[in-house]
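> Sharing a sequence plus its predicted fold:
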Protein chains: 2
Amino acid sequence: MARTLSCVPVMAWPPFDSPCLTPPPDEAGPLGPCAHCQVRHLAVCSVLTHEEMHALDAEASSQLLGPGAVLARQGDPRRHVFTVVRGALRMVRLAADGRRQVAGFALPGDFVGLSGSPTYRHDVEALGETELCRFGIDAMRRLGERYPQLREKLFERACVELDSARDQMMALARMNPIERMADFLLKLAAREARAGNPGPMVALPMPRADIADHLGLTVETVSRCLTTLRGKGLIAVPETYRIEILDFAGLESLRAA
Amino acid sequence: MARTLSCVPVMAWPPFDSPCLTPPPDEAGPLGPCAHCQVRHLAVCSVLTHEEMHALDAEASSQLLGPGAVLARQGDPRRHVFTVVRGALRMVRLAADGRRQVAGFALPGDFVGLSGSPTYRHDVEALGETELCRFGIDAMRRLGERYPQLREKLFERACVELDSARDQMMALARMNPIERMADFLLKLAAREARAGNPGPMVALPMPRADIADHLGLTVETVSRCLTTLRGKGLIAVPETYRIEILDFAGLESLRAA
DNA sequence: CGTTTTCTTGAGATCAGTCAATGGCTGTGG
DNA sequence: CCACAGCCATTGACTGATCTCAAGAAAACG
């Protein structure tokens, strides 16, 4: 599914038509000149006009991060929000005694940084080589005042995140490890599908420890679950960081909820 | 802390200055005439002008519910949002096999119904005799277009909910039962304090089973935790539905996060 | 006042965690 | 090119926290 860079309203770019969406990479590189005005927009958003995107561009900056790079630290003043262009991020909370919780992963097209707090509530770290678009919170707020659609989209996005967080609560509270694993893999697959990459192959851009800390398990249990699912013929694990879903219905039947 | 009903911008009413906030009950009853214009407003909101509240009133309706009454069913079309005036609500998700998850409780002043889904994602049920204010989603949207502050407040509220949901994820994933219980009791106390009722006495408007399903535990474990906390002298349980916090610092030290 | 529901307590079972060892992959340096 | 170190994933054996099951006590309800 080839994509073209454009500054005119484009079709909604998966996983949903989020504001300030940077276009996905293409052969020429992740960010090319606008087909409309030849300017290299940083901010492309399906709900914004050409003019509005120029306004956003003035406030946005592009960043390229190496594996493990830290965008934000838990407790730091919350000055920016981000959209992932390429790669992946993890949102991590670390307790004083070392207990770790991965609140979520941000994949290309995802929006990171929505919060009601004046400080970041998680560490935000790059999982691999990751490219993203950064906006100042204040700039965002100003633009929200000027372009009501932007604010509306942000609100919708926050609500979708809320739904997703509550789903995860159900998983953490009431599912056993196998079910959580099945649920997690299916969610990843669904996100890839919405991003235009349907099919049984699913990338796992994060190490096992991150999956474990996301699902409230240990690394060992994650590993055992993958082995079990493989044994049941539901998935294959051709590479450590890639799985193939062999039986979608079978996985679905595991995640009872 | 006596409160007076008013239709002019009032001080933020805890737990936060949310839109469409109905005033707390006073001796004269939960909803009295507006001191400004003698109209009995249904919708009082700290960010709205008198005129705007009249507009909201036209869209709002008051409801009184008995214990166990159902406001919304998981899967029903999402047509309304609610604010709790008096009493309490629970948001429940029920899996096909009977597993149950209480996503949260709504106390007076709380806003219920934010979601990105066209259908309700939880059953919403009254815990005791509960009074609330109901708004149509469409009306809400129209008002949001007319009064940008309203939309902004809704957005902030969604972000706060999001933070809170992620906190709960950490609790469910990485805390043991005692820690979850301590965390839960302290959160309840904090909400009561923000609602103008500080102090060691905390009402538990929900049965043990709801606490258990909220914390991902069993009823038995909840009961045992309360006994343990009592044994440590951190709390007292004078009545089944009321606890007294004897040692805030001690409880705090338990919820490592 | 009896019935029903809810809460508490106890004893045993089980599932996931802990600890420990092995194996594979990667990058470095000889 | 190979040897080694470090990291990560996997597997196994064991432990123990929490659930399950069961009974009794207390509270709510009619």
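Cool, got the structure. Numbering: from 1, shown residues only, chains lettered A, B, ... in the order given.

> contacts and neighbour counts: CA atoms only from here.
OK.

> is it true that A:Phe82 touches A:Gly109?
No: at 9.9 Å, A:Phe82 does not count as touching A:Gly109 under the criterion of C-alpha atoms under 8 Å.

> Number of residues surrounding A:Ile178?
Neighbours of A:Ile178 under the rule other C-alpha atoms under 10 Å in any protein chain shown: 19.

> could you measure it against A:Arg166, distance?
Look at A:Ile178 and A:Arg166: by C-alpha to C-alpha, to the nearest Å, they are 19 Å apart.

> Check for me that A:Val202 belongs to a helix.
No: judged by DSSP: H, G, I helix; E, B strand; the rest coil, A:Val202 forms no part of a helix; its state is strand.

> can you tell me how far it sits from A:Asp210?
Using C-alpha to C-alpha, A:Val202 is found at 16 Å from A:Asp210.

> Looking at those two, which one has more neighbours?
Neighbours were counted for A:Val202 and for A:Asp210 using other C-alpha under 10 Å; A:Asp210 has more, 25 against 22.

> which SS state does that one fall under?
helix.

> Contact partners for the residue nearest to it when sequence neighbours are not counted?
Excluding the flanking residues, the one nearest A:Asp210 by C-alpha to C-alpha, 6 or more residues apart in numbering or on different chains is A:Val102, at 6.5 Å. Counting by C-alpha atoms under 8 Å, 6 or more residues apart in numbering or on different chains, A:Val102 makes contact with A:Arg90, A:Met91, A:Val92, A:Arg93, A:Asp210, A:Ile211, A:Asp213, A:His214.

> Let me know how buried the last one is, in neighbour terms.
The burial metric for A:His214, expressed as a neighbour count using other C-alpha under 10 Å, is 26.

> Tell me if it really is in a helix.
Yes: residue state for A:His214 (three-state DSSP) corresponds to a helix.

> does it really touch A:Gly104, like I thought?
Yes: between A:His214 and A:Gly104 there is a contact under C-alpha under 8 Å: 6.7 Å.

> rewinding a little: can you give me phi and psi for the residue nearest to A:Asp210?
Recorded main-chain torsions at A:Val102 are phi -100, psi 110, according to degrees, to the nearest 10.

> what bridges to it?
For A:Val102, the beta-bridge partners under DSSP bridges are A:Val92.

> List the contacts of stretch A:229-244.
A:178, A:200-207, A:245-248, A:250-251.

> Drop anything exposed from those residues.
Those of those that meet the buried threshold are A:Ile178, A:Pro200, A:Met201, A:Val202, A:Ala203, A:Leu204, A:Pro205, A:Met206, A:Ile245, A:Leu246, A:Gly250, A:Leu251, by 16 or more other C-alpha atoms under 10 Å in any protein chain shown.

> ok, and which of the residues you listed reach DNA strand C?
Among these, not one lies near DNA strand C by C-alpha under 7 Å from any atom of the strand.

> Closest to B:Glu129 out of those residues?
A:Ile178 (40.4 Å; C-alpha to C-alpha).

> Would you pull up the residue in the stretch 51-200 of chain A closest to DNA strand C?
In the stretch 51-200 of chain A, no residue comes nearer to DNA strand C than A:Asn176, which is 3.6 Å away by C-alpha to the nearest atom of the strand.
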